[in-house]
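>>> sequence and predicted structure below; questions after.
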Amino acid sequence: SSLLLEYTISTVCMPLRVSKKSIVWVWLILFISLSLSAAEKKPNFLFIAIDDMNDWTGFLGGHPEAKTPNMDKLASLGVNFSNAHCSAPGCSPSRNSLLFGIEPFKSGLYQFYEHKKLPVELMKSYTPVTEFLKDNGYNTYGSGKIHHRRNATASEWTEFFPKGKASLEFDAKDGYRHGNSTKSNFSPTLNPLRDHIDYKNTTFGVEVLKRKHDKPFFLGVGIIKPHLPFVAPKQFFDLYPKEVEAPKIKEGDLDDVPAVGRSMAKIPDDIKFTKDKAWTKVRRAYLACNSWADHNVGRLLDALKKSAYADNTIVILWSDHGYGMGEKRHFRKFALWEITTRVPFIIWDTRDKAAPMGRKVDDGVSLINIYRTMAEFADLQPPKYVDGFSLVPQMKDPANPLPGPAICTWGRGNYTIRNKHWRYTRYYDGTEELYSHETDPEEWNNLAANPEFTDIKKQLRAQLPEKGAPLVKKGMERCCRPVSADKPIRSSKKKAE
């Protein structure tokens, strides 16, 4: 296009008499050449979606033994949003919110859904960010878990790697399995790396980066681990001692938590792992899965570095929610505490060669902002309904103030808000939690009943939705339905055991 532009300009500047028709053609060519030049400058996107990863990484410091060198390097190159939070602590509502760009309390998509069963008219109202980019000149490629329970469509994807299966052999002596459950397996695998689903999905991403592209592209790679079962190649288990360090846990931590919050704690898992003396095996397996995920992130980053797109690609890495590992007697996601809402979130703009290393934003930020951020990077106007704000200003200067806090929703009426220093949670029945992250990063002391903090509560409460959208019931899955305004708790005196 640059040669075409040079030729066109020289033609226009020639001191010759030309017909009106020739002038029209010349300016048409000039317009096309300028359009092509602009298209060449649009960035590519490498979009790495990780399932169920909490802050047990090197760059977030959630666990002192975590080994994630590739993500640590990415965090040092880009901007590490170190206080990032999901829009909902569950795969389906979190991903729906992020990919469609709308908060659960505005869409009514609070729970787990099968997309093919959702109301057609409702879904016509929303455009996935992938489809938005495809409609605006991008080729879109994907593999692994991007959406939850949504089949790839031609309107959204140029190409999507087919879902595969893996037949794995486990090292039972070095692992733990509760009964015959496939999901409750926390064991090393003995297969070659190439046999694993995450490896195959990542390999597709590596191959896409090796191709020659004549259009800007979006490449989404969904890394499934550390989602249950916590199984990974043995070499990643071997990175950790048999007895890994346990997180800080306070005895009776649920005593000052309201009944709705206590109902979210998966106490039967805590009882099971404690009885089997298996907590350390579960935590070791989780750390191994995080390192396995990191390995595949490294493969993508290496492929990008060797590709023709190393200087014109924006890397966005995120996890859909956090994960409890025994804190507050909780295991899994599905709650509104730091352990379940905080997530890895990094953006690296490879075009910005002058950016300093080690940039960090430590104010509370939500994944809802990804849609508008990508739109601004691509110089596109997002759909009007899209929530959140662009993080491009923070990419330019991490000290730029954020326009708003991070809000996370788990069921209609249950909301938590996180800024730099505070977490405030209001449940559907009006009960509350308040934690100071300056003095209580583990969220052990609920300050909600302390009159000293009435003004703080008032300020934070004012930023929460007054009334959430009605629950979308059509298409709901049976699993994972929290106590909420649509499923009230049976007794306010429900015990924690």
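Structure received.
>>> least trustworthy helix or strand in this structure by mean pLDDT?
helix 2-13 (a mean of 42; mean pLDDT, DSSP states H and E).
>>> wait, a helix at residue 360?
No. Using DSSP: H, G, I helix; E, B strand; the rest coil, the assignment for residue 360 is strand, not a helix.
>>> let me see the contact set for the spatially closest residue to residue 103 that is not a sequence neighbour.
Leaving aside its sequence neighbours, residue 103 sits nearest to residue 387 (Cβ to Cβ, 6 or more residues apart in numbering; 5.1 Å). Bear in mind the C-beta positions are built from the backbone N, C-alpha and C, glycine included. Neighbouring residues of residue 387 by Cβ atoms under 8 Å, 6 or more residues apart in numbering: 101, 102, 103, 106, 368, 371.
>>> do you know how far residue 387 is from residue 373?
12 Å (Cβ to Cβ, to the nearest Å).
>>> what does residue 88 give?
Residue 88 is 19 Å from residue 373, by Cβ to Cβ.
>>> do you know how far the residue nearest to residue 103 is from residue 126?
On the measure of Cβ to Cβ, residue 387 and residue 126 end up 11 Å apart.
>>> residues that sit against both of the two, list them.
With Cβ under 8 Å, 6+ apart, residue 387 and residue 126 have common neighbours 101, 102.
>>> in which helix or strand does residue 284 reside?
Under the criterion of DSSP states H and E, residue 284 resides in helix 279-306.
>>> of residue 88 and residue 373, which one has the most company?
Neighbour count, other Cβ atoms under 10 Å: between residue 88 and residue 373, residue 88 has more, with 32 against 22.
>>> and for residue 486, the neighbour number?
When neighbours are counted by other Cβ under 10 Å, residue 486 comes out with 17.
>>> contacts only, for it.
110, 411, 412, 471.
>>> ramachandran coordinates for it?
Backbone dihedrals for residue 486, given as degrees, to the nearest 10, come out at phi -100, psi -10.
>>> got it, and residue 407?
Residue torsions, per degrees, to the nearest 10, at residue 407 are phi -120, psi 130.
>>> in which helix or strand would I find the residue lying closest to it once chain neighbours are set aside?
Spatial nearest neighbour of residue 407, excluding adjacent residues (Cβ to Cβ, 6+ apart): residue 417 at 5.3 Å. Assigned by DSSP H and E, residue 417 belongs to strand 415-418.
>>> list the contacts of that strand.
83, 85, 105, 336-338, 341, 364, 405-410, 423-426, 433, 460, 463-465.
>>> cool, and stretch 174-184?
In contact with stretch 174-184 (Cβ under 8 Å, 6+ apart) are residues 170, 185-188, 228-229, 231, 234, 237, 272, 276, 278, 281-282, 285.
>>> give me the buried subset of the residues you listed.
Using 16 or more other Cβ atoms under 10 Å as the burial test, the contacts of stretch 174-184 include 170, 185-188, 228-229, 231, 234, 237, 272, 278, 281-282, 285 as buried.
>>> burial count for residue 76?
By other Cβ under 10 Å, the residues close to residue 76 number 16.
>>> look up phi and psi at it.
Per degrees, to the nearest 10, the backbone of residue 76 is at phi -70, psi -30.
>>> now swap in the one 5 residues further on and tell me
The phi/psi pair for residue 81 (degrees, to the nearest 10) reads phi -80, psi 90.
>>> that one pairs with what?
residue 361 (DSSP bridges).
>>> look up how far residue 56 lies from it.
From residue 81 to residue 56 the distance is 17 Å (Cβ to Cβ).
>>> between those two, who's got more neighbours?
Taking other Cβ under 10 Å, residue 81 and residue 56 do not tie; residue 81 has more neighbours (29 against 26).
>>> number of residues surrounding residue 42?
19.
>>> so what's it up against?
137, 138, 216, 378, 379.
>>> what's the neighbour count on residue 470?
11.
>>> so it: helix, strand or coil?
Criterion first, three-state DSSP; result for residue 470: coil.
>>> quick check: it touching residue 106?
No. Using Cβ atoms under 8 Å, residue 470 is not in contact with residue 106, being 11.0 Å away.
>>> now for the buried ones among the contacts of stretch 174-184: which two are most distant?
Longest distance between any two of the buried ones among the contacts of stretch 174-184 is 24.6 Å, between 234 and 272; criterion Cβ to Cβ.
>>> circling back: out of the contacts of residue 42, who's nearest residue 318?
For the contacts of residue 42, the nearest to residue 318 is residue 378 (17.6 Å; Cβ to Cβ).
>>> need the helices for the stretch 301-450 of the chain, in chain order.
Here the stretch 301-450 of the chain has its helices, by DSSP state H, counting those that start in this stretch, at 338-341, 370-377, 392-396.
>>> quick one: which of those helices is nearest residue 449?
If we rank the helices of the stretch 301-450 of the chain by Cβ to Cβ, the stretch that ends up nearest is helix 338-341, at 19.7 Å.
>>> just list what the closest one packs against, helices and strands only.
strand 324-325, strand 415-418 (3 or more Cβ pairs under 8 Å, 6 or more residues apart in numbering; DSSP states H and E).
>>> give me that answer again for 10 Å
Counting contacts by 3 or more Cβ pairs under 10 Å, 6 or more residues apart in numbering; DSSP states H and E, helix 338-341 is packed against strand 84-85, strand 324-325, strand 406-409, strand 415-418, strand 422-426.
>>> could you export those as TSV, including mean pLDDT, distance to residue 479 and mean neighbour count?
Output for these, formatted as TSV (pLDDT from 0 to 100; distance: least, Cβ to Cβ, whole Å; neighbours: other Cβ atoms under 10 Å):
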stretch	mean pLDDT	distance to residue 479	mean neighbour count
strand 84-85	98	23	27
strand 324-325	98	17	24
strand 406-409	98	17	28
strand 415-418	98	22	26
strand 422-426	98	23	25
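>>> I'd like the ones you listed as JSON lines, with distance to residue 253 appended.
Formatted as JSON lines, the helices and strands packed on helix 338-341 follow (distance: least, Cβ to Cβ, whole Å):
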{"stretch": "strand 84-85", "distance to residue 253": "20"}
{"stretch": "strand 324-325", "distance to residue 253": "11"}
{"stretch": "strand 406-409", "distance to residue 253": "20"}
{"stretch": "strand 415-418", "distance to residue 253": "17"}
{"stretch": "strand 422-426", "distance to residue 253": "15"}
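>>> nearest to residue 166, of those strands?
Across the helices and strands packed on helix 338-341, closest to residue 166 is strand 324-325 (Cβ to Cβ), at 25.3 Å.
>>> what does that closest one contact?
54, 56, 62-63, 89, 246-247, 249, 264-266, 269-270, 273, 279, 282-283, 286-287, 330-335, 337-340 (Cβ atoms under 10 Å, 6 or more residues apart in numbering).
>>> at 6 Å what do you get?
Residues outside strand 324-325 that contact it (Cβ atoms under 6 Å, 6 or more residues apart in numbering): 247, 283, 330, 331, 339, 340.
>>> what's the helix or strand encompassing residue 46 packed up against?
Assigned by DSSP H and E, residue 46 falls within strand 44-50. Identification of packing neighbours for strand 44-50 by 3 or more Cβ pairs under 6 Å, 6 or more residues apart in numbering; DSSP states H and E yields strand 217-223, strand 313-319.
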